[in-house]
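Engineer: Generate a structure from the sequence data that follows.
(chains A and B)
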Amino acid sequence: MGEIIVAKDIVKWYGKEVLALNGISFGVDEGEFYVIIGPSGCGKSTLMKIMAGILDYDSGGLYINGKNMKGVPAHKRDLSLMLETYAVFPHMSVFDNIAFGLRMIGKDKGYIKRKVTESLELVGLSGLEKRSPVELSGGQRQRVALARSLVIEPSVLLLDEPLSHVDYRLQRKLMEDFKTLHKKVGITFVLTTHVQEHALILADRVMVMNTGVIEQIGTPEEVYRTPRTVFSARFVGDINLVPGEVVSKDDAEYAVKTEIGELKALASGETDMLGKKLVYAIRPEFIEVGKEARSCKNKHKAKFVGYYYLGNFVECVFNVENKVDLKVSVPPETAGNLKLGKKYAIGWRSNDVALLEKPSVIEGLDVEEVIYGK
Amino acid sequence: MVKYTNYLMLLPGLLLCVFFLVIPLGIIIRIGLAESVSTAEFEIHGLTLQNYVRYFTSPQTIDILGNTFGTALITCFICFLVAYPFAYFLTFYIENQKIKSYIISLLMVPFLIDWNIRTIAWIPILGDKGIVNSTLMSLGLIKEPISLLFGQAGLYIIWLQTYVLFMMFPIYLALNRIDPDLIQAAKVLKAPPHRVFYDVIFKLSLPGVVCGWIFVFVSTLGDFLTPGLWAGGFQTLGLSISTFFGKNVWPYACTLSTVMIVIALAALYILLKMVDIKKLIYES
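Structural biologist: The predicted structure is shown next:
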């Protein structure tokens, strides 16, 4: 299995002022479920439209199935794109919408009829052939768009924000449907989203994007466990961040001097971090409270100052030395025994820590601003 | 409970329709069935079908009907051929909104000029000694000036100039309403450029096209001044109506008017049947 999509240093300007994509390079493996995640306006839709051939890029290279795509119009590319708005043709019936692509590539009537019926079955819309899209619900319209994109049997299906216009419960179901569909049809899926949960559940590999650049590419676990930048860490999951400086190295363990004393972290990368100013990052679920904390390398006495009840767990806030608030995910039964204002032992293992050298791959960027807006 | 007072809001519009549409139409139909009308006292005498018999047995009828509806349809078609590419260009090729609105305002300028002046202004352009003829003659392409103004060519040129905007605006508005995502979707679904245009853009702009055809068709049918002035002895139904009104032969003029209204309505009905407007107007 080779790479079906290869992008090299793609640059895209909108006019003379907006740099939408600033040197994007990546590869998508054949048959992969590839998820591009990033905040709105980061350029992920632009990237999708460039791959689909609706937009042109200014420099760089794009190869699909090994062929250079420069100057190849959308209708001659071996892929299909489902747009964020679904873009179901309002002047055609459900049948004609799905048959559209097949008619364009000149298939005969019998083949079209059979294929359309099959794909209606695949997306669970049998019997609605004659309906006008105006009479369909948003979810049904999306399934028409999906069937329409799949029926032309592309090598790659691009799905632009397919989950952003449906309610939370339907999102879960749709994600399961996409997963099953992906296994069933066996083609490459590329999906964009701005919700971390979608990326973690769906992806074989995730690309984290930030205004025009790639922050990180990896499996969901890699991105979650070893984020490369503060942006990646914050965008995919919740995380505690403590700024500090690496002061010593003992075997493979660094000591990071922070406001709340020296914190230990296991070195993972090849680069030597000794003497560097960086951010010490630990996910809330890796922090233990009470007895379990005793066996950890990093131990603190912390005051329980607040909590958010989230059903399957409770997110507790512990204050260390009146300086740093740490979020800790605690099972509800444990959280029930904790009393606000009292001090508890908290601790974490040094191999669960990530040391983040840079806020983002973009120089001089304020991470908070990118994630929460100005 | 439906408040009956709500229906009161319909009253002004309803009264307007009754007084300015239903009653005048009724009067026209009634006079068309009269033997004679004394125009001074407005007394209608007799009830007869003789006017209709006279009209439909007249040997000229077929010619005049042919002229009237033929020229109206040809004008619609010419206006469409000019307006559609222009509206298309304005919608899809001019991205700068400012330039777009300048062009649209420029198109409005002719409407600020009086009809007579606009029409007379064609003489220095299309007349025997006008720009077109003198240019062609000095280039040696023609020896004698060609008659562009008086005759059917002139009629179409002036009608095109007068009515092309009525065709262009509805088409422009319809094209503007098309969601760009639909065009992109068509491209991704393997449609080559000409199919993108025909299957998506043109079909979605049809409500505008039909509106334009109706505007131009109805306007040219009712316009008797232009053919009277320029077409040189070319007879249309509108011209006949004005002639008979001029001669104070009200019953016959009203008969012709009734025939014109009925045929125009029938034509509209067919046009609307051909394109189901309701199906094409959608909520985006």
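Engineer: Can you list the helices and strands that the one helix or strand B:Y163 maps to packs against?
Structural biologist: Per DSSP states H and E, B:Y163 falls inside helix B:152-177. When contacts are defined as 3 or more Cβ pairs under 8 Å, 6 or more residues apart in numbering or on different chains; DSSP states H and E, helix B:152-177 sits against helix B:61-92, helix B:115-120, helix B:203-222, helix B:225-230. (C-beta placed from N, C-alpha, C; glycine too.)
Engineer: which bits of chain A sit near chain B?
Structural biologist: A:49, A:52-54, A:73-75, A:79-81, A:83, A:85, A:87, A:89-91, A:100-101, A:104-105, A:132, A:134, A:145, A:148-149, A:152 (Cβ under 8 Å from any Cβ of the partner chain).
Engineer: hmm, try it at 7 Å
Structural biologist: By Cβ under 7 Å from any Cβ of the partner chain, the residues of chain A that approach chain B are A:52, A:54, A:74-75, A:80-81, A:83, A:85, A:87, A:89-91, A:100-101, A:104-105, A:134, A:148, A:152.
Engineer: Of those, which count as buried by neighbour count?
Structural biologist: A:52, A:54, A:74-75, A:80-81, A:83, A:85, A:87, A:89-91, A:100-101, A:104, A:148, A:152 (16 or more other Cβ atoms under 10 Å in any protein chain shown).
Engineer: So which of the residues you listed sit within strands?
Structural biologist: If you go by DSSP state E, these have A:S80, A:L81 in strands.
Engineer: out of the buried ones among the residues of chain A next to chain B, which are inside helices?
Structural biologist: Here DSSP state H is the test, and those give A:A52, A:F100, A:G101, A:M104, A:R148 as lying in helices.
Engineer: and the stretch 51-200 of chain B, which of its residues are near chain A?
Structural biologist: Residues of the stretch 51-200 of chain B lying near chain A (Cβ under 7 Å from any Cβ): B:179, B:181-182, B:184-185, B:187-192, B:195, B:200.
Engineer: If we ignore the residues flanking it in sequence, what's nearest residue 225?
Structural biologist: Using chain A. A:A354 (7.6 Å; Cβ to Cβ, 6 or more residues apart in numbering or on different chains).
Engineer: that answer is for a different chain, and I need it for chain B
Structural biologist: Distances taken as Cβ to Cβ, 6+ apart place B:W115 nearest to B:L225, at 7.9 Å, with adjacent residues excluded.
Engineer: and the one you found, how many residues sit next to it?
Structural biologist: 12 (other Cβ atoms under 10 Å in any protein chain shown).
Engineer: Over to A:V314?
Structural biologist: 19.
Engineer: got a list of what it touches?
Structural biologist: With contact taken as Cβ atoms under 7 Å, 6 or more residues apart in numbering or on different chains, A:V314 is in contact with A:Y307, A:V330, A:P332, A:A335.
Engineer: quick one on the thing from earlier: turn the ones in helices among the buried ones among the residues of chain A next to chain B into CSV, including pLDDT and distance to B:S242.
Structural biologist: As requested, these are exported to CSV (pLDDT from 0 to 100; distance: Cβ to Cβ, whole Å):
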residue, pLDDT, distance to B:S242
A:A52, 95, 60
A:F100, 96, 52
A:G101, 95, 56
A:M104, 95, 53
A:R148, 94, 56
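Engineer: Of those, just say which sits nearest to B:V275.
Structural biologist: Using Cβ to Cβ, A:F100 comes nearest to B:V275 of those, at 20.3 Å.
Engineer: Contacts only, for the residue nearest to the closest one when sequence neighbours are not counted.
Structural biologist: Computed as Cβ to Cβ, 6+ apart, the closest residue to A:F100 that is not its neighbour in sequence is B:L189, at 5.3 Å. Contact partners of B:L189, counting by Cβ under 7 Å, 6+ apart, are A:F100, A:G101, A:M104, A:R148, A:I152.
Engineer: And the closest residue to the last one other than its chain neighbours, how close does it get to B:V188?
Structural biologist: Closest residue in space to A:I152, ignoring its immediate chain neighbours: A:G101 at 3.9 Å, by Cβ to Cβ, 6+ apart. In this structure, A:G101 lies at 8 Å from B:V188, with Cβ to Cβ, to the nearest Å as the measure.
Engineer: Then A:I260?
Structural biologist: As for A:I260, its distance to B:V188 is 54 Å (criterion: Cβ to Cβ).
Engineer: More neighbours: which of those two?
Structural biologist: Between A:I260 and B:V188, counting by other Cβ under 10 Å, B:V188 is the more crowded of the two (27 against 18).
Engineer: The more buried one and A:K76 touch, don't they?
Structural biologist: No - B:V188 is beyond contact range of A:K76, at 11.1 Å (criterion: Cβ atoms under 7 Å).
Engineer: what's near enough to touch the closest residue to B:V37 other than its chain neighbours?
Structural biologist: Nearest residue to B:V37 in three dimensions, chain neighbours excluded: B:W250, at 4.5 Å (Cβ to Cβ, 6+ apart). By Cβ under 7 Å, 6+ apart, the residues touching B:W250 are B:I31, B:V37, B:T39.
Engineer: how many neighbours does the last one have?
Structural biologist: Taking other Cβ under 10 Å as the neighbour definition, B:T39 ends up with a count of 11.
Engineer: sorry, back to before: report the angle between the helix holding B:Y163 and helix B:203-222.
Structural biologist: In terms of direction (axes from the mean of the first three to the mean of the last three Cα atoms, to 10 degrees), helix B:152-177 departs from helix B:203-222 by 150 degrees.
Engineer: Give me the buried stretch members for the helix ranked longest in chain A, please.
Structural biologist: Counting residues, the longest helix in chain A under DSSP H turns out to be helix A:168-185. Residues of helix A:168-185 classed as buried by neighbour count (16+ other Cβ under 10 Å): A:Q171, A:L174, A:M175, A:F178, A:L181, A:H182.
Engineer: Tell me if I'm right that A:V206 and A:E222 touch.
Structural biologist: No - counting by Cβ under 7 Å, A:E222 is not a contact partner of A:V206; they are 8.3 Å apart.
Engineer: and the two? which has more neighbours close in?
Structural biologist: Each of A:V206 and A:E222 has its neighbours counted (other Cβ under 10 Å); A:V206 has more, 28 against 14.
Engineer: Look up which helix or strand that one falls in, please.
Structural biologist: Residue-wise, A:V206 maps onto strand A:205-210 under DSSP H and E.
Engineer: got it, and A:A20?
Structural biologist: Assessed by DSSP H and E, A:A20 sits inside strand A:18-29.
Engineer: so after that strand, what's the next helix or strand?
Structural biologist: strand A:33-37.
Engineer: Next, the contact list for A:S268, please.
Structural biologist: A:T226.
Engineer: On the three-state scheme, it is what?
Structural biologist: coil (DSSP: H, G, I helix; E, B strand; the rest coil).
Engineer: and if you look at the one 5 residues further on?
Structural biologist: In the three-state summary, A:M273 is assigned as coil, counting by three-state DSSP.
Engineer: Give me the below-cutoff pLDDT ranges for chain A.
Structural biologist: A:1, A:269-270, A:366-374 (pLDDT under 70).
Engineer: what's the domain layout of it?
Structural biologist: Domain assignment for chain A, taken from automatic domain parsing, gives A:3-225, A:239-372.
Engineer: closest one to B:I27 among these?
Structural biologist: Judged by Cβ to Cβ, the one of these that comes nearest to B:I27 is domain A:3-225, at 42.8 Å.
Engineer: from memory A:T192 sits against A:G43, does it?
Structural biologist: No - taking Cβ under 7 Å as the definition, A:T192 is not a contact partner of A:G43, at 10.0 Å.
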